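Trainee: just the structure for this:
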Amino acid sequence: MAMGSSYISPAIERVWLGAKQTIPGVRLGGIFARKRGYHNTRRNNQASWPGDYSIRLSMDKQGSATLAAAIDLTMSTTEMKKRTAYLRRSALDARDDRLRCLREFIGTLNGRRVFCLIGGNAGLGEGRGEEDWGRDSSHLWHVHLSILRAFAADWAALEGIVSVLSGESWEAWIARKGGSSVSNVPTPTLREGDSGPDVAALQRALNEAIGAGLTTDGDFGPATAAAVRVLQERAGITRDSIYGPASARALADLLEDDMSWDEKIPLVTGQGVSYSGKEWPASFVLASGHYYTLKYGQTVVAEQAKQTALLQAIAAGQSGLTEEAIAAAVADGVRAAIPPVSQIAEAVAAAIDHDLDTAAVAEALREVLGGLDGSGE
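Mentor: This next block holds a predicted model:
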């Protein structure tokens, strides 16, 4: 099927063009084909093969019904091994979500056996997948990529495939995209009842940021709404379960700063150490919104509420506080949030499957915290 066909999206055409620029001698093996599976459209599969695996998943029931969602790239044995290895490396890296749009890829790692990695509704961008060595031998000379149908026309998602195939590392990709994975935070306003790739991206981001444990199915249901509300509550913004600009900023800030709100274990964040209670400039408080950086169970809920009110007063210019007073107030809140070093040390030792010396852990924590914990230890 020629490029420009109504069955082939411009986004998938760009995948081919990107591969052509980075893979020596690559040839286009095909995109649309009148057979069952991702090479055909959802509409044609429903008409002729209603039980086909390419139209079962939630993310395959979304997007255009008239677009092909696969591409074959023919190349030399040397390039087959190299590019398949790049795909496998990315798919099995839990940090790397560039292949979140792929249901599966098929190629070869050694030039002798066919290798396939299969994902589910969340694609291959979450560091897991089912390996399969039983596909037909034609995949010894062409890489097959099955694209979740929700992404068949989404270049923002498909661009990641080109990056992986080129051999670009996850770190280089992030640096090129602006220094963080925040670009993966969706920006449209989303609410319960919505569906599609933006919802799936939101679910992935919420899982990473607050450990929401959501199924990344692209459906904004009650569980996703509850997770958005948790984000809003902890960020001190309106709690309406609607993901809008303020929620997007809170989510982006959280991911960018690599913080966590895990309430299960004591946690000292990078900012909690850097801003150890001695220097908390008001400009930092206002710019980041991270005016509490330490959590321990439910012991700081009241402190969070007080600091949220303080931040709102600062933003409105009604706090009546000098920068020094603001810094002192925030530092006091951080001190109140930190449990005694001995308590942290015991929990750390208990959480790690290793014969840790609790006293040594406590001593190391005292050195880092500089006596900041609430007990004065």
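Trainee: what is the burial count for the residue lying closest to Met75 once chain neighbours are set aside?
Mentor: The spatially closest residue to Met75, leaving aside those adjacent along the chain, is Val26, at 4.8 Å (C-beta to C-beta, 6 or more residues apart in numbering). Glycine gets a C-beta too; all of them are placed from N, C-alpha and C. Val26 is surrounded by 20 other residues when neighbours are defined as other C-beta atoms under 10 Å.
Trainee: from Lys20, how far out is Val26?
Mentor: For Val26, the distance to Lys20 under the criterion C-beta to C-beta, to the nearest Å works out to 6 Å.
Trainee: likewise Met80?
Mentor: Met80 sits 16 Å away from Lys20, taking C-beta to C-beta as the criterion.
Trainee: ok, the two, which is more surrounded?
Mentor: Using other C-beta under 10 Å as the criterion, Met80 and Lys20 rank with Met80 on top: 24 against 15.
Trainee: if I pick that one, what's in contact with it?
Mentor: In this structure, Met80 makes contact with Gly107, Thr108, Gly111, Leu140, Trp141, His142, Val143, judged by C-beta atoms under 8 Å, 6 or more residues apart in numbering.
Trainee: so which of those comes closest to Arg34?
Mentor: His142 (18.4 Å; C-beta to C-beta).
Trainee: that closest one - how many residues pack around it?
Mentor: Other residues near His142 number 20, with proximity taken as other C-beta under 10 Å.
Trainee: pretty sure it sits against Ala70.
Mentor: No - using C-beta atoms under 8 Å, His142 and Ala70 do not qualify as a contacting pair, with a distance of 11.4 Å.
Trainee: where along the stretch 51-200 of the chain do the strands fall?
Mentor: Counting by DSSP state E, counting those that start in this stretch, the stretch 51-200 of the chain has strands at residues 70-74, 102-108, 114-118, 130-132, 142-147.
Trainee: ok, Ser58 - contacts?
Mentor: With contact taken as C-beta under 8 Å, 6+ apart, Ser58 is in contact with Asn121, Ser195, Asp217, Gly218, Asp219.
Trainee: the second one and Gln203: what is the separation?
Mentor: Just to be clear, that refers to Ser195. According to C-beta to C-beta, Ser195 stands 11 Å off from Gln203.
Trainee: which neighbours do these two have in common?
Mentor: Between them, Ser195 and Gln203 share the neighbouring residues Gly218, with contact defined by C-beta under 8 Å, 6+ apart.
Trainee: more neighbours: these two, which one.
Mentor: Remark: of Ser195 and Gln203, Gln203 carries more neighbours, 25 against 18, as counted by other C-beta under 10 Å.
Trainee: any idea how far that one lies from Gly213?
Mentor: With the distance defined as C-beta to C-beta, Gln203 ends up 10 Å from Gly213.
Trainee: same question, Thr189
Mentor: Distance, Thr189 to Gly213, by C-beta to C-beta: 24 Å.
Trainee: check Gln62 too.
Mentor: Between Gln62 and Gly213 the distance is 22 Å, computed by C-beta to C-beta.
Trainee: these two: which has the busier surroundings?
Mentor: Remark: of Gln62 and Gly213, Gln62 carries more neighbours, 22 against 10, as counted by other C-beta under 10 Å.
Trainee: check what pLDDT the closest residue to the more buried one other than its chain neighbours gets.
Mentor: Take Gln62 and drop its neighbours on the chain: the residue closest to it by C-beta to C-beta, 6+ apart is Ala150, 3.9 Å away. With respect to pLDDT, Ala150 scores 91.
Trainee: show the contacting residues for the nearest residue to Ser166 once chain neighbours are set aside.
Mentor: Using C-beta to C-beta, 6+ apart and skipping the chain neighbours, the partner closest in space to Ser166 is Thr22 (4.0 Å). Contacts of Thr22 were listed using C-beta under 8 Å, 6+ apart, and they are Val162, Leu165, Ser166, Gly167.
Trainee: where does the prediction get shaky in the protein?
Mentor: Low-confidence segments of the chain, defined by pLDDT under 70: 1-4, 125-134, 177-184, 256-377.
Trainee: mind giving me the domain split of it?
Mentor: Per automatic domain parsing, the structural domains of the chain span 10-176, 182-256, 267-369.
Trainee: how about the secondary structure of Glu208?
Mentor: Of the three states, Glu208 takes helix under DSSP: H, G, I helix; E, B strand; the rest coil.
Trainee: against Trp49, how distant is it?
Mentor: Plainly put, Glu208 is 36 Å away from Trp49 if you go by C-beta to C-beta.
Trainee: can I get the CA coordinates of stretch 74-83 in PDB?
Mentor: Output of stretch 74-83 as PDB, limited to C-alpha atoms (Å, rounded to 0.1, in the frame of the first residue of the first chain):
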ATOM      1  CA  THR A  74      13.500  -5.000   6.500                       C
ATOM      2  CA  MET A  75      17.200  -4.900   7.200                       C
ATOM      3  CA  SER A  76      20.500  -6.800   7.300                       C
ATOM      4  CA  THR A  77      21.200  -9.500   9.900                       C
ATOM      5  CA  THR A  78      23.700  -7.100  11.600                       C
ATOM      6  CA  GLU A  79      21.100  -4.400  11.800                       C
ATOM      7  CA  MET A  80      18.400  -6.800  12.800                       C
ATOM      8  CA  LYS A  81      20.400  -7.900  15.900                       C
ATOM      9  CA  LYS A  82      21.300  -4.400  16.800                       C
ATOM     10  CA  ARG A  83      17.900  -2.800  16.400                       C
END
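Trainee: I'd like the numbering to begin with 14 instead of 1 from here.
Mentor: In the new numbering, first residue 14, that becomes stretch 87-96.
Trainee: so which bits of it are buried?
Mentor: Going by neighbour count (16 or more other C-beta atoms under 10 Å), the buried part of stretch 87-96 is Thr87, Met88, Glu92, Met93, Lys94, Lys95, Arg96.
Trainee: and stretch 199-208, by the same measure?
Mentor: Of all the residues in stretch 199-208, those buried under the rule 16+ other C-beta under 10 Å are Pro199, Leu203, Asp207, Ser208.
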